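**Q** got a sequence here, can you build the structure:
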Amino acid sequence: MYDCAGDKWLVSCLGVLHLSKGLFYRVVPADQGFGNFGEASGSPTAEYAGVFRFRLWWCGAWVEVLVDDRLPAVHGRLAFIQSRHSDQFWPALLEKAYAKLHGSYEALKYGTLLDGLSDLTGGITESIAIRQDPTGCGRALAKLLDMTSLITCTVNNNNNNQQQQQQIRTSNEKLANGIQMGINYRLYAIERVETFGGEAIQLVKLRNPLGPGGEYIGAWARGSLEWDEVPIIERDRLAVRNMAEGEFWISYSDFVKTFTHLEVVHLDAETSRDEPSLHSKHTWQMKLYQGSWRRGVTAGGCRNNQETFHINPQLHLILSEMEEVIVSLNQHSIMEPKVIGFTAYTLPKSSTESINRQFFKKNKSLVNSQYTNSRQVSHRCLLEQGGYLLIPTTFEPGQETNFTLRVYSNKPLKLKLLDTVPTLIKSAIVKAPALEGKGFSQYEAVFLQLADEHKTVNAFELQELLEACLPNDYIKSCASMEVCRQVVLTMDNSGSGRLEFNDFKDLMCSLKYWQAAFKNHTKERTGILKAERLRDALIEVAIFEGKDPLQNGSIKLNLSEVMAEIIFDVLKLFNKKIPEYHDSDKRHVLQLNYSVINNWSSG
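**A** Down below sits the predicted model:
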């Protein structure tokens, strides 16, 4: 089908796609072209605009990519993928669209077969080592052939030498039996036949996606003598005389000796509907979650980081019965991929809120994926009926990127994000001591100067009062009009919109208490409150703030407005209103001035 002048992994992926016509036309829409991509159907149409569109699965969604018809060439030949049929250009145009997503043709050098299969089909991919357990592999194949999965097999060099691996990616090296290395052969069936002598032989049906030139030439190949030992009715059942170009049979014993890995693409119900050859198969049940790791908020790193691991996104997986599931984590960082993976714990079905740090210190993990900087990490595991906690993470804390996590199962399943709804745990206001100390007498004279004849102040007068009473400009700048309005709304029990001096004393006590709470959570005594500790600090002062508001940048972290945000958060929630903020500087730290706290404490 192709004359490969570029990366063979991509050529192999395009070949697998071309064998699945329904999926092919999802990626390569048929209603376009200059005579259907240059095939011998005539000259360019009058509506031809030199633009082609393709659909690729990218960063967790199907995206449409537009490219023009200018293709790189050297000495009159296409520089990269080129079809053997000179009037077919869809492979080169699709390669250009794929390179556009990656940023350049050069970037395709670092692609992989599994990534390519996923991007072209929208499924999750799984690699299974054949020779580790040949018998178990046979049982797995029998199950996979009954599911909406595309099964391919390949020969990979077990040598870890990168130079040799690169040579395989670009060469046309063959084994002695004619099988090409580095090519994904499509696997269609496993059948058992019986010879005239009564011997039962298990056969595997494969197809070379690149057409002729890489066909098997060993036992049970097309036209081999072994077929003479099989009854004609069996040969007709296996369509030996009517096999398509590139198709062949191979015994299972030779199959496990020849191929090293199964590379499987699992398709969900929606995607598999486009492929007619999968309509009779059982569909995978799939649940998807798309999220992000944000420094100080949801990027806690792997389980080695005990102090921050719990802030990672927490997903609750519920299985209705014992089942083998496949979990796939895909990161959206293409140019600078992070080392990613996931961990799973047993968790009761009834759990509804996020799990705290202590849980992970007391409980052992049940499932641990490998951690790698690949775009996707997949792991198959057998789980009992019940609930599980999935924690997708980067290996190092503080690394930021978006991700997509998908879980596939034969049976129904549920997947949801665990989070804690912001709630008021206790009163937001700390009452002043009954016995007035000298610390409050210094405020009373100023209060009475600004108060009306009823010895009360409104929001405007409260702002002026705070500017006079707060210890320095750093704190004074926090007394915004919006904060003062919230204070009055919270503390005014009469509905007059005004506060008495006792209310003002309660406010001053509350401010000192809130600052002290933040001081308690700056363990390094540097005046820096890390964002991952903010939730614990808010619990201490009155509220618990869920992850979502933090992740959406709803906590303003401008250092000069820390105190205002503390007050604003607590009082808004106290008044049953959820605030909306904007994280303008993205610093994700809160800084407190210890001299200010000390001054307040001494007062």
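
**Q** going by neighbour count, list what's buried in stretch 372-388.
**A** Within stretch 372-388, the residues scored as buried using 16 or more other Cβ atoms under 10 Å are 374-379, 383, 387-388. Just so you know, the C-beta spots here come from the backbone N, C-alpha and C atoms, and that holds for glycine as well.

**Q** distance to Ala73 added to those residues, as JSON lines?
**A** Listed next are those as JSON lines, based on distance: Cβ to Cβ, whole Å:
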{"residue": "Ser374", "distance to Ala73": "33"}
{"residue": "Arg375", "distance to Ala73": "30"}
{"residue": "Gln376", "distance to Ala73": "33"}
{"residue": "Val377", "distance to Ala73": "38"}
{"residue": "Ser378", "distance to Ala73": "38"}
{"residue": "His379", "distance to Ala73": "43"}
{"residue": "Leu383", "distance to Ala73": "53"}
{"residue": "Gly387", "distance to Ala73": "57"}
{"residue": "Tyr388", "distance to Ala73": "53"}
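
**Q** tell me which element Gln449 falls in.
**A** Here Gln449, judged by DSSP states H and E, is contained in helix 438-450.

**Q** cool, Glu396 as well?
**A** Residue-wise, Glu396 maps onto no helix or strand under DSSP H and E.

**Q** report the contact partners of it.
**A** 301-302, 338-339 (Cβ atoms under 8 Å, 6 or more residues apart in numbering).

**Q** on the pLDDT front, check it for me.
**A** For Glu396, the model assigns a pLDDT of 95.

**Q** for Leu347, see how far away it is.
**A** According to Cβ to Cβ, to the nearest Å, Glu396 stands 25 Å off from Leu347.

**Q** also Asn157?
**A** Taking Cβ to Cβ, one finds Asn157 at 42 Å from Leu347.

**Q** these two: who's more crowded?
**A** Each of Asn157 and Leu347 has its neighbours counted (other Cβ atoms under 10 Å); Leu347 has more, 21 against 14.

**Q** pretty sure that one contacts Gly387?
**A** Yes. Counting by Cβ atoms under 8 Å, Leu347 touches Gly387, with 4.8 Å between them.

**Q** shared neighbours, the two?
**A** In contact with both Leu347 and Gly387: His316, using Cβ under 8 Å, 6+ apart.

**Q** need the buried ones from the contacts of Glu396 selected in PyMOL.
**A** A single PyMOL command selects the buried members of the contacts of Glu396 (16+ other Cβ under 10 Å):
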select buried, resi 301+302+338+339
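
**Q** which one of the contacts of Glu396 sits closest to Leu206?
**A** For those, the minimum distance to Leu206 (Cβ to Cβ) is 34.9 Å, reached by Val339.

**Q** which residue packs closest to that closest one, ignoring adjacent ones?
**A** Leaving aside its chain neighbours, Val339 sits nearest to Phe395 (3.9 Å; criterion: Cβ to Cβ, 6 or more residues apart in numbering).

**Q** that older thread, can you tell me which of the contacts of Glu396 is closest to Val457?
**A** Using Cβ to Cβ, Gly301 comes nearest to Val457 of those, at 48.6 Å.

**Q** how about the nearest residue to that closest one, chain neighbours excluded?
**A** In space, Gly301 comes closest to Pro397 once its chain neighbours are excluded; the distance is 3.2 Å by Cβ to Cβ, 6+ apart.

**Q** looking at it, that neighbour is touching Asn305, isn't it?
**A** Yes. Pro397 is in contact with Asn305 according to Cβ under 8 Å; the separation is 5.0 Å.

**Q** more crowded one of those two?
**A** Neighbour totals were compared for Pro397 and Asn305, and Pro397 leads with 21 against 17 (other Cβ under 10 Å).

**Q** so what's the more buried one up against?
**A** Pro397 touches 299-301, 305, 308, counting by Cβ under 8 Å, 6+ apart.

**Q** where's it relative to Gly198, distance?
**A** From Pro397 to Gly198 the distance is 64 Å (Cβ to Cβ).

**Q** give me the beta-bridge partners of Thr404?
**A** Bridge pairing for Thr404 (DSSP bridges) gives the partners Gln290, Asn330.

**Q** and for His282?
**A** Met147.

**Q** tell me the secondary structure for Gly387?
**A** strand (DSSP: H, G, I helix; E, B strand; the rest coil).

**Q** what about the residue nearest to Val339, neighbour count?
**A** 16.

**Q** tell me where the stretch 201-350 of the chain has helices.
**A** Assigned by DSSP state H, counting those that start in this stretch, the stretch 201-350 of the chain shows helices spanning 232-237, 252-258, 269-272.

**Q** got CSV for those helices, with mean neighbour count too?
**A** CSV is the format used below for the helices of the stretch 201-350 of the chain (neighbours: other Cβ atoms under 10 Å):
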stretch, mean neighbour count
helix 232-237, 12
helix 252-258, 18
helix 269-272, 18
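
**Q** can you put these in JSON lines and add distance to Leu203 and mean pLDDT?
**A** Shown next, in JSON lines, are the helices of the stretch 201-350 of the chain (distance: least, Cβ to Cβ, whole Å; pLDDT from 0 to 100):
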{"stretch": "helix 232-237", "distance to Leu203": "10", "mean pLDDT": "90"}
{"stretch": "helix 252-258", "distance to Leu203": "7", "mean pLDDT": "94"}
{"stretch": "helix 269-272", "distance to Leu203": "26", "mean pLDDT": "92"}
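
**Q** among the ones you listed, which is nearest His332?
**A** Among those, the nearest to His332 by Cβ to Cβ is helix 269-272 (19.4 Å).

**Q** that older thread, go through the contacts of Glu396 and name the one nearest Leu507.
**A** Comparing the contacts of Glu396 against Leu507 with Cβ to Cβ places Gly301 closest, at 39.5 Å.

**Q** ok, the closest one touching Phe395?
**A** Yes. In terms of Cβ under 8 Å, Gly301 counts as a neighbour of Phe395; the distance is 6.6 Å.

**Q** give me the below-cutoff pLDDT ranges for the stretch 51-200 of the chain.
**A** For the stretch 51-200 of the chain, applying pLDDT under 70 flags the ranges 84-87, 158-172.

**Q** now do the helices in it.
**A** Remark: helices assigned in the stretch 51-200 of the chain by DSSP H, counting those that start in this stretch are 90-102, 113-121, 134-144, 162-170.
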